[in-house]
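[1] I need the structure of the sequence given here:
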Amino acid sequence: MANQDDVANKQKAIQNRQDQHDASMQKGDQGGGGGDSAAQTGVRQPSGDFPAQHLAKPGLEAQMELKPKFMAEGYKGSGKLEGQVAIVTGGDSGIGRAVAILFAREGADVAILYLNEHEDAAETQRYIEAEGRQCVTVAGDVKDMAFCQQAVDQIVAKFGRLDVLVNNAAFQEHAESLLDLTEDRFDETMRTNIYGYFHMAKACLPYMKRGAAIVNTGSVTGLKGSKKLLDYSTTKGAIHAFTMSLAANLLDKGIRVNCVAPGPVWTPLNPADQSPEDITKFGQQTTFGRPAQPEELSPAYVYLASSVCSGYVTGVVLPITGSVGE
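    Down below sits the predicted model:
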């Protein structure tokens, strides 16, 4: 069983090799959308150029200069998940944090799985407990089936049930060329992003009863591809297919499986991948002219998790991309 700090150091090494390659190529900024002409259709969200910052992997939200918005203050809970128990992988920060908080607001106790971002996980736990619900945090590597099984067993032993799994943990690192992708690097992405979902679903399934739900995090890159995210896009396409296949497989058991496919979202994943120069224009290529904030994604997870809301929905990949027609 790999130590989670060793895994994080491995991911940092992949990042460092790519950073050195990027610097040697001396590529200029390709630019993005224009200025601060972003669309605002509800609560006003950050737009324009973002801070030039590059985080060490796996990326701490606590270190981001512009903090993501995750509280969704205008969202009022109504008991859609009352008395339920949910597991959120990658729940320490980003989309996972926002989802975990709304699940708690809807009445669920939440377990957070994360790699080694202890500061972020503790902060998320505080927000969940402030919603009046219980939270446990478990550090480890979802690439490891033994860890996933142990974590799920531990969570069910504490709470006595399991109703919702959100598969959200991911590894992403860009590459200019297929030739930059070593076998080891491709394996890290594949095993984290798709094996991790497989491991968690397999560990959770024996505890899930009729009415339970699995919600996977896909990506617009899994729908359209991405020329600099060859391995990441491959895993996200696999997640979409896994979602539809598992949905068909589990329908007779009364368990629904769906997926959210976000476009660019302001989370630690992105400044931990892109250069300081590129991250300033993050999300400006969308129709909205800006990235989403995590709080703009989290209500979709509530919808797909709650059988009250989406009891007739399964096998769906829901795009929330910020672009018309995607």
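[2] any low-confidence regions in this protein?
    Low-confidence segments of the chain, defined by pLDDT under 70: 1-2, 19, 22-36, 273.
[3] and with 50 instead?
    For the chain, the stretches with pLDDT under 50 are 27-35.
[4] part of a strand, is V88?
    Yes. Counting by DSSP: H, G, I helix; E, B strand; the rest coil, V88 is part of a strand.
[5] what about the strands in the stretch 51-200 of the chain?
    When assigned using DSSP state E, counting those that start in this stretch, the strands of the stretch 51-200 of the chain occupy the ranges 85-89, 109-114, 135-139, 164-167.
[6] using PDB, list the CA coordinates for the last one.
    So the one you mean is strand 164-167. What follows is strand 164-167 as a C-alpha-only set of coordinates in PDB (Å, rounded to 0.1, in the frame of the first residue of the first chain):
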ATOM      1  CA  VAL A 164     -24.300   8.400  -2.000                       C
ATOM      2  CA  LEU A 165     -20.900   8.000  -3.600                       C
ATOM      3  CA  VAL A 166     -19.300  11.000  -5.400                       C
ATOM      4  CA  ASN A 167     -16.300  10.000  -7.400                       C
END
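[7] tell me which element G283 is part of?
    Using DSSP states H and E, G283 falls within no helix or strand.
[8] same thing with the one 5 residues further on?
    Secondary structure assigned from DSSP H and E places F288 in neither a helix nor a strand.
[9] ok, N216 next?
    strand 213-217.
[10] list of residues touching that strand?
    90, 95, 163-168, 170, 197, 201, 204, 239, 242-243, 246, 250, 255-260, 262, 301, 304-307, 310 (CB atoms under 8 Å, 6 or more residues apart in numbering). From N, CA and C alone the C-beta is placed, and that goes for glycine too.
[11] could you give the angle of it to strand 85-89?
    Put simply, strand 213-217 runs at 20 degrees to strand 85-89, going by axes from the mean of the first three to the mean of the last three CA atoms, to 10 degrees.
[12] would you mark the buried spots in the helix or strand hosting A247?
    Using DSSP H and E, A247 sits in helix 230-250. Residues of helix 230-250 classed as buried: 230-240, 242-244, 246-247, 250 (neighbour count, 16 or more other CB atoms under 10 Å).
[13] same thing with stretch 74-83?
    Y75, G77, K80, L81.
[14] report the distance from that stretch to the chain centre.
    Centre-to-centre, stretch 74-83 and its host chain are 21 Å apart (CA atoms, centre = their mean, to the nearest Å).
[15] all set, thanks.
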